[in-house]
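Visitor: Here is my input; please provide its structure:
(one chain, ligands or ions: 1)
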Amino acid sequence: MKVGVVTFPGSLDDHDARRAVEICGGEAVPLWHRDADLRGVDAVVLPGGFSYGDYLRAGAISRFAPVMDLVIERAKGGMPVLGICNGFQILCESHLLPGAMISNDHRTFVCRDQRLRVEQAGTSWTSDFTDGQEITIVLKNQDGQFVADEPTLDRLEGEGRVAFRYLGTNPNGSYRDIAGITNETGTIVGLMPHPEHCVEEGFGPSLDGRGFFTSVLGKVLAS
Ligand SMILES: NC(=O)CC[C@H](N)C(=O)O
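Guide: This is a model prediction of the structure:
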């Protein structure tokens, strides 16, 4: 299975995302922000970083990158898309996911190991987890506060579209402790913490990131 990883100017975590795909048994395909072809990929990861320097708003310019025309079209047609941190910001700016990301409530950059609860294991990127499972992966951002109006939050909760919730201290003021959400069909997932940094021994607090990639790839890894 081919998983495209988009590099925007200012992306930071594209290499780790490609490496995570390969470690978990997939073929990682590098995509560039100006590409007008998705090179036959079956799924796409929008990685973390500071695309276009986070100017205007994080993700606001990336949404208009040429490659996003195709990503948005294919995502609407059911292609699995994972947005990690800056990628989640881009998914919200693209209106593939509802809500918006604003500055952390404490107005400082946060970098920590973060406990999460998997609230929805019925997505393309979480099927190797179980509902209610606790995982710990890393978190690092400045604009990580997920906000949405009350009807949108109620709809997300009611439709089982809150995919991840922060456990312990809410690190950024995200409404209802929401760390990640999914679309109506569970093919698109966005979250602020970084699974791609938690896929190999000696790096990160766990190997919990593997589940995201094995879920979409349909792979079983020896532990
Ligand atoms: N690690 C990331 O992707 C974080 C970058 C992101 N633009 C921010 O809010 O800081």
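
Visitor: Contacts only, for the spatially closest residue to residue 90 that is not a sequence neighbour.
Guide: Nearest non-adjacent residue to residue 90, counting by C-beta to C-beta, 6 or more residues apart in numbering: residue 59, 3.9 Å away. (C-beta placed from N, C-alpha, C; glycine too.) Residues in contact with residue 59 (C-beta atoms under 8 Å, 6 or more residues apart in numbering) are 51, 86, 89-94, 101.

Visitor: Same question for residue 136.
Guide: Contacts for residue 136 (C-beta under 8 Å, 6+ apart) come out as 113-116, 198, 205-206, 208.

Visitor: Which of the contacts of residue 59 lies at the shortest distance from residue 43?
Guide: Nearest to residue 43 among these is residue 91, at 13.7 Å by C-beta to C-beta.

Visitor: these two touch, right, the closest one and residue 81?
Guide: Yes - counting by C-beta atoms under 8 Å, residue 81 is a contact partner of residue 91 at 7.1 Å.

Visitor: For the contacts of residue 136, pick the one with the most neighbours.
Guide: Neighbour count (other C-beta atoms under 10 Å) singles out residue 116 as the most crowded of the contacts of residue 136, with 26 neighbours.

Visitor: For it, which non-adjacent residue is spatially closest?
Guide: Spatially, and ignoring its direct neighbours in sequence, residue 116 is nearest to residue 164 (4.8 Å; C-beta to C-beta, 6+ apart).

Visitor: beta partners of that neighbour?
Guide: residue 118, residue 180 (DSSP bridges).

Visitor: Kindly indicate which of the contacts of residue 136 lies nearest the ligand.
Guide: Nearest to the ligand among the contacts of residue 136 is residue 114, at 12.2 Å by C-beta to the nearest ligand atom.
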